[in-house]
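> Build the 3D model from these lines:
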Amino acid sequence: MVHASKAGISAVLFVSWVFLALVFGLLIGVASLPRTETAHTQAVQQTSNSTYSLTLIVTVNNPWNSTVTQPRYWILTPQGLVSSANILLPAHTLIRLTIIDYDSPSPLPAQFAEVSGTLGNVVYFVNGTAASGTNITKDGAYVSEFNNETQVAHTFTIPQLGINIPSPANSVVVAEFYLNQTGVFLWHCMDPCGLDASGWSGSMDAPGWMTGNVTVYP
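Model (predicted):
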């Protein structure tokens, strides 16, 4: 499996940490998004044990072969970007998932543009925030669905657990949810962003790209 170049990953890391700082500032004072309090080695920070924070980043132009590039989900850790092939999450704990998406929109089935399985079936959408670092807005909004033709770049979907989190293009979303079952579950992007005419091959079938496992531990 071919990874992005070290220079490209370093640039993504720098911009991503800037965005995390901006998003954290935006969330201060928002009553229904309590302060980030804990983390696994996959997450950004750890301060106590009531909330588990995980940050995923969607990068573009990742070499798939010698001629084709594909979008890819990564886990952001203090040590850098690591594969999203197996994501570890605790059961019976508030999960705060941040998705930073660098990709452009593409049409997807309408049901996957709707948020489900999160607290209130909403995400906190940093409206109009471009992942390039420009066009930063001060305020975000709680959103329950997006335009399936023009807004969504990817989704983070765990069908067995009823979780569907649309990820708008060039934006940041924060979702909060609980996982009350332990085991290994499939996660998948439901926006056809892969190869061939259907868009369902290539990275769509590759663990650590647009699919993988979520291991929920006690």
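> Quick check on Y217: phi, psi?
Dihedral angles of Y217 (phi, psi; degrees, to the nearest 10) stand at phi -110, psi 160.
> per-residue confidence for it?
Turning to Y217, the model gives it a pLDDT of 97.
> for A141, same thing?
Turning to A141, the model gives it a pLDDT of 88.
> does T67 sit in a helix, a strand or a coil?
Here T67 is coil, with the state taken from DSSP: H, G, I helix; E, B strand; the rest coil.
> Look up how far L195 lies from it.
11 Å (CB to CB, to the nearest Å). (Each C-beta comes from the backbone N, C-alpha and C, glycine too.)
> now swap in S83 and tell me
20 Å.
> And F177, by the same measure?
Applying CB to CB, the value for F177 to L195 is 31 Å.
> can you list the weak-confidence ranges in this structure?
Filtered on pLDDT under 70, the chain yields the residue ranges 1-49, 127-139.
> what are the ranges of the strands in it?
Ranges of strands within the chain are 38-39, 51-63, 69-77, 80-83, 86-90, 94-101, 123-126, 141-143, 152-158, 163-168, 171-177, 183-188, 211-217, based on DSSP state E.
> can you give me the angle the second one makes with strand 86-90?
When axes from the mean of the first three to the mean of the last three CA atoms, to 10 degrees is applied, the directions of strand 51-63 and strand 86-90 differ by 170 degrees.
> Strand 51-63 - contacts with which helices or strands?
Under the contact criterion of 3 or more CB pairs under 8 Å, 6 or more residues apart in numbering; DSSP states H and E, strand 51-63 touches helix 6-27, strand 38-39, strand 69-77, strand 86-90, strand 94-101, strand 152-158.
> try it again with 6 Å
Secondary structure elements in contact with strand 51-63, counted by 3 or more CB pairs under 6 Å, 6 or more residues apart in numbering; DSSP states H and E, are strand 38-39, strand 69-77, strand 94-101.
> before we move on, back to that, dump the strands of the chain into CSV; add distance to G202 and mean neighbour count as well.
Formatted as CSV, those follow (distance: least, CB to CB, whole Å; neighbours: other CB atoms under 10 Å):
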stretch, distance to G202, mean neighbour count
strand 38-39, 32, 19
strand 51-63, 11, 21
strand 69-77, 5, 23
strand 80-83, 17, 16
strand 86-90, 20, 19
strand 94-101, 18, 24
strand 123-126, 27, 24
strand 141-143, 29, 14
strand 152-158, 14, 24
strand 163-168, 18, 25
strand 171-177, 23, 24
strand 183-188, 14, 16
strand 211-217, 11, 18
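> Pairing partners for the closest residue to Q181 other than its chain neighbours in the sheet, please.
In space, and not counting its chain neighbours, Q181 is closest to V216: 6.3 Å by CB to CB, 6 or more residues apart in numbering. In this entry, V216 is beta-bridged to L89, G183, by DSSP bridges.
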